[in-house]
Each structure stands twice: as C-alpha cells, then as structure tokens.
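Fold the following, please.
(one chain, ligands or ions: 2)
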Amino acid sequence: MSNMVAIVGRPNVGKSTFFNRLVGTRDAIVDEFSGVTRDRHYGKTEWIGKEFSIIDTGGYVTGSDDVFEDEIRKQVQLAVEEADVIMFVVDTMTGITDMDNDVANLLRKQDRPVFVVANKADTNERKMDASEFYAMGLGEPYPISAMNGSGTGDLLDEVVAKFPKPQSDPDEEAEELPRISVVGRPNAGKSSFINALTGSDRNIVTPVSGTTRDSIDTHYKAYGFDFTLVDTAGLRKKSKVHDDLEFYSVMRSIRSIESSDVCILMIDAEEGFHSQDLNIFSLIAKNNKAVVILVNKWDLIEKDHQTAKKFEKLIRSRINPFDDVEIIFTSVLTKQRIHKSLDAAIRAYENRKRRIKTSPLNDYFQTVIAKQPPPALKGKYIKIKYVTQLPTKFPSFAFFANLPQYVKEPYKRFLENKLRDQFDFTGTPVRIFMRKK
Ligand SMILES: Nc1nc2c(ncn2[C@@H]2O[C@H](COP(=O)(O)OP(=O)(O)OP(=O)(O)O)[C@@H](O)[C@H]2O)c(=O)[nH]1
Ligand SMILES: Nc1nc2c(ncn2[C@@H]2O[C@H](COP(=O)(O)OP(=O)(O)OP(=O)(O)O)[C@@H](O)[C@H]2O)c(=O)[nH]1
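Ligands and ions are numbered 1, 2, ... in the order given. Reported below is the predicted structural model:
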C-alpha cells in the first residue's frame, strides 16, 4: 500500500526546494545503496511512521513559455488523477498570480484533498501575508519556508492524516500470491499482454478490491500459475490527457510498481531501449521490486542468430550495475514466450523472497573475503567479521566490520556480485550494508 503526494504549482514558487526538504534526509540514506541514483522528482519519505512517495511535478515541464501554461494544466490534471493528496505551492513573496488562479480553478473542480502551501514565509510578516491565499477557495493556507523548514511539520501532520485507510484483506495476505504488475512506455504492448494472460474469463478466480484507490487486483490462474495481477485502473483506461509526457508514464508506473512484488517491464523491440525505459527500470530498482524485461513485438524484427544477443547485451549495459535480470523476447501477437515470461516473473518473485541461512552465508564469504579483502584505506586494515541477511521484504545483507565507513562502493558491488554468483538472486535488487562491529 502506497500513498502518493504530488507537489504542483507554477514555476519558481519553490517546489523543488520543498521537495528536497521533504526527501532530503531520507534520500541521503538511499544514496548509500549500491547502484541507486538519486531522482530529482520522485522520492520517498515518512512522517510519524507513515511512508509515502512524493512527486515534484515541476521538473517535468520543459519547453517554451507559450506551452508552459498548457503543460502545467496537464500536469495538475494528472497529479489529481494519480495522487492521494495534492500540495499546491504558492509564493508569499509575490502573492496570488493569474497562473495560481488557473491552477486553483482546476483543483477546486475535483475532490482530492488539497493543501495550499504558502512558501517563502521565512519571516513573521510573510507568514501573515500567507492568509491572502485563502481567497483561492482551497482552504486555510499553510505558511512554510522550504528554505529553513519552518511550518513543514504542522503541514505534514495534516497531510498524512488524509491518506486513505488501507483496506487489508487478511485472506488475500494469507495466500501470499505473487503480485505482478505490467509496466512500460505507451504502446509497448502492456494491455495486449494482460489480455493474453487474462483474456478468457474462466482464468479469473476472485476479483479483490484493490488496496490502492482505483486499483482492481485480480487473482488469476493462467498458464499454470497462480498470481495477483495489479491493475491500476489507469493501465486500461486511456487518460483524456495526452500521454506523450514523460511525467504521465512515470506517475502511472509508480502506482503499479509500488503495489506489486514483481514488475514485468515491457520494451517495444522496434523502438529500442529508450532513456524512459531506463527511468522506469530505475523506479523498479529503487523500490526494491523484482523485475523481468520483455522485449516485445519481436515478430516485427528482422533478425539473424545474433540479433537477440546484441539486443540483450545493449540492455544489460544500460541497466548496469543491476543487470542480473532475465530478458525475454516476446511476441504477444503470436503468443510467443508468454509462458516463459510468467515463469521468469514468478522466479524473480521467489528470488526476492529468498532467505540464506547465516552459516552457509558466512562459510561462503569467509573464503571470498580471505581471497580478496577490502583494500586498506589511510593505512588502516579493514576486517569484515561476519554477514547476516536482514529481515526485510527484499534481500538485504549486513556485513559487520571494524571500520565499515572505509568500505567503498566498488567493494560493496564486489560483495553483491559474489552473492549473486553463489545464490540465485536473478531479477531482484540486493542491498549491501556495512555495519560497525
Ligand atoms: N526566501 C525563500 N526563498 C525560497 C524558498 N524556497 C525556495 N526559494 C527560492 O525560490 C527560487 C525557486 O525555487 P525552486 O525550488 O527552484 O522553484 P520551483 O517551483 O521548483 O521552480 P520550477 O522548477 O521552475 O518549477 C529559488 O531561488 C529558491 O532558492 C523559501 O522558503 N524562502
Ligand atoms: N506486431 C506486434 N504488435 C503488437 C505486439 N504486442 C502489441 N502489439 C500492438 O501494439 C499496439 C499497442 O499495444 P497495447 O497493448 O495497446 O500497448 P500498451 O502498452 O497497453 O499501450 P498504452 O495503453 O498506450 O500504454 C497494438 O496495436 C497491439 O496490437 C506484438 O507482440 N507484436
């Protein structure tokens, strides 16, 4: 169950400063994970024990001034469709502008909770000025300073109170079926793939009303597998808003990714591997979800015996360092390798749940580390004493050492690779932590 908060507002009001304040500390921790790059517009944070995602819609607007307003309007609409709570940032230094009013008009026409965040209220005087924004008809403004952080705590208290209550279904949880989502850029073949899996109604076991707003999760038996398909309503329904925006796919994908255990990432073979495919892949990795890559529409590609190999190599070089992932060439049209795709997804799911006992883990790493110990730093020898798997939902391992802060990224990656050599973690992110002992 994920909660999503979208930050909207016209340019220069301080959205990205605010975003950074909200995710800053948490992201610093995330950055320490191997191979995870920081995303400027998407982050996770928590407040009084409630975790949520934050999307800064601002960064996605590009282009000349005349397309600006139109773009912002689109983004506000999408934010409204996808997010649980909207934070509408305005600027107490400038007061209400026409563009603020435009955004306010859009926000008044819908029923998602909206918080008016009156930013740059660094001084008492500007805090008073914030009340001006009451006139927009979206409730009491919250004066804050994204720069120094004042006012953000009170705001977040109210924001997290608006999250929908999780509707957990104990039976469903007890069954622990793999939760699969199908993600990818527009037109990659996601709906066709889902239809191929679920086309005939007799495959449906029970429709379970979703844990996330709008999502219908359905329990299927298909191709000999038993799984829950996470279908965020948006996946089927075409939005009124054009889907040429990167932001659109990102919002859609985040919802699906966060509510699943394993993601089937579909690539259009004719289009090649785009930067946007990589973005979606990174979102999956960042959320520590398992993944299988399908290169779809393979029927349309003119090929020889090298074509698939070359394609695969290219993808692996792009998704590096997390490249221990199955890549399958499919044609949904001719139903080629659909069974294999599901099979790989279930395997990735199992690998994500894999637990390695402490003793085989240490037996193995004793030898590995003795052969290639971490390089000494500033004349100090680093001694790794033991390793244990942490009780997280995805594989993470703590290595205990005398000087954990001296173990650098390349050595952590070496440990991860060794882990993957010995145990099967294909398709799942693995995190390595160094701890003091
Ligand atoms: N005084 C003051 N300035 C702020 C505050 N928050 C942001 N700013 C400044 O306002 C300017 C715009 O901030 P950004 O965070 O880039 O604004 P944005 O809304 O993300 O802008 P776009 O990316 O263009 O949409 C920067 O110069 C910030 O330093 C604040 O709380 N107080
Ligand atoms: N030749 C060929 N065409 C395919 C294949 N898979 C899907 N298509 C076609 O590609 C087009 C897009 O397929 P969709 O399933 O709608 O793609 P989608 O990813 O759900 O698209 P959005 O709803 O825009 O996100 C349709 O015309 C499909 O018939 C395939 O394996 N081979």
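
per-domain residue ranges of this structure.
3-162, 179-353, 358-436 (the TED database).

Run through the bridge partners of residue 50.
Beta-bridge pairing of residue 50 under DSSP bridges involves residue 47.

For it, the count of nearby residues, please.
13 (other Cβ atoms under 10 Å). Every C-beta, even on glycine, is put in place using the N, C-alpha and C of the backbone.

related to what we said a few turns ago, nearest to ligand 1, out of the domains of the chain?
Evaluated with Cβ to the nearest ligand atom, the domains of the chain place domain 3-162 nearest to ligand 1, the distance being 3.0 Å.

secondary structure element for the most centrally placed residue in the chain?
Centroid-nearest residue in the chain, with Cα atoms, centre = their mean: residue 283, separated by 3.8 Å. Per DSSP states H and E, residue 283 falls inside helix 275-286.

Please see if that helix touches ligand 2.
No - with Cβ under 6 Å from any ligand atom as the threshold, helix 275-286 lies outside contact range of ligand 2, at a closest distance of 11.8 Å.

so who does residue 57 touch?
Contact analysis of residue 57 by Cβ atoms under 8 Å, 6 or more residues apart in numbering lists 6-8, 15, 41, 75-76, 78-79, 247.

Buried residues, the helix holding residue 283. List them.
For helix 275-286, burial by neighbour count (16 or more other Cβ atoms under 10 Å) applies to 276-277, 279-286.

I'd like those as a markdown table, with distance to residue 360 and pLDDT appended.
Shown next, in a markdown table, are those (distance: Cβ to Cβ, whole Å; pLDDT from 0 to 100):
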| residue | distance to residue 360 | pLDDT |
| --- | --- | --- |
| 276 | 40 | 81 |
| 277 | 36 | 88 |
| 279 | 37 | 83 |
| 280 | 35 | 87 |
| 281 | 31 | 92 |
| 282 | 32 | 88 |
| 283 | 33 | 87 |
| 284 | 29 | 93 |
| 285 | 26 | 92 |
| 286 | 29 | 87 |
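
hang on, the earlier thing: so how far is residue 416 from the residue nearest to the centre of the chain?
Going from residue 283 to residue 416 by Cβ to Cβ, to the nearest Å gives 20 Å.

next one: residue 16
Distance, residue 16 to residue 416, by Cβ to Cβ: 32 Å.

quick revisit: restrict the contacts of residue 57 to contacts with ligand 1.
residue 15.

So which of the contacts of residue 57 is the closest to residue 389?
residue 41 (32.5 Å; Cβ to Cβ).

Please look at that closest one and residue 56 and confirm they touch.
Yes - using Cβ atoms under 8 Å, residue 41 makes contact with residue 56 at a distance of 4.5 Å.

more neighbours, these two?
Looking at residue 41 and residue 56 with other Cβ under 10 Å, you find the greater number of neighbours at residue 56, namely 25 against 19.

Enumerate the beta-bridge partners assigned to the more buried one.
Beta-bridge partners of residue 56, as defined by DSSP bridges: residue 7.

residues contacting it?
Residue 56 is in contact with 7, 15-16, 18-19, 40-42, counting by Cβ under 8 Å, 6+ apart.

Just give me the closest of the residues you listed to ligand 2.
residue 42 (19.4 Å).

nearest residue to that closest one other than its sequence neighbours?
Spatial nearest neighbour of residue 42, chain neighbours left out: residue 55 (5.7 Å); criterion: Cβ to Cβ, 6 or more residues apart in numbering.

Return the set of buried residues in stretch 395-404.
Residues of stretch 395-404 classed as buried: 395-401, 403-404 (neighbour count, 16+ other Cβ under 10 Å).

What of stretch 429-437?
429-434.

Dump that stretch to PDB, restricted to CA.
Output of stretch 429-437 as PDB, limited to C-alpha atoms (Å, rounded to 0.1, in the frame of the first residue of the first chain):
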ATOM      1  CA  PRO A 429      17.600  -6.000  -6.200                       C
ATOM      2  CA  VAL A 430      20.000  -6.800  -3.400                       C
ATOM      3  CA  ARG A 431      21.200  -4.300  -0.900                       C
ATOM      4  CA  ILE A 432      24.500  -4.400   0.900                       C
ATOM      5  CA  PHE A 433      25.100  -2.600   4.200                       C
ATOM      6  CA  MET A 434      28.200  -2.200   6.200                       C
ATOM      7  CA  ARG A 435      27.800  -2.100   9.900                       C
ATOM      8  CA  LYS A 436      30.100  -1.500  12.800                       C
ATOM      9  CA  LYS A 437      31.200  -4.400  14.900                       C
END
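
Please list the residues outside it that contact it.
Here stretch 429-437 makes contact (Cβ under 8 Å, 6+ apart) with 33-34, 285, 288-290, 322, 385-386, 390, 392, 394-402, 404-405, 407, 412, 415-416, 419-420.

For it, the averaged confidence score.
Stretch 429-437 shows a mean pLDDT of 93.

And stretch 180-200, by the same measure?
Per-residue scores along stretch 180-200 average to 82.

close to ligand 2, is that stretch?
Yes - counting by Cβ under 6 Å from any ligand atom, ligand 2 has neighbours in stretch 180-200: 184, 186-192.

and the residues you listed, which are buried?
184, 188-190, 192.

can you put these in a markdown table and add distance to residue 103 and secondary structure?
Putting those into a markdown table (distance: Cβ to Cβ, whole Å; DSSP: H, G, I helix; E, B strand; the rest coil) gives the following:
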| residue | distance to residue 103 | secondary structure |
| --- | --- | --- |
| 184 | 30 | strand |
| 188 | 32 | coil |
| 189 | 35 | coil |
| 190 | 31 | helix |
| 192 | 37 | helix |
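
returning to that earlier point: between the buried residues of stretch 429-437, which sits nearest ligand 2?
residue 429 (24.0 Å).

Near ligand 1, which residues of the stretch 151-300 of the chain? Just list them.
Residues of the stretch 151-300 of the chain lying near ligand 1 (Cβ under 6 Å from any ligand atom): none found.
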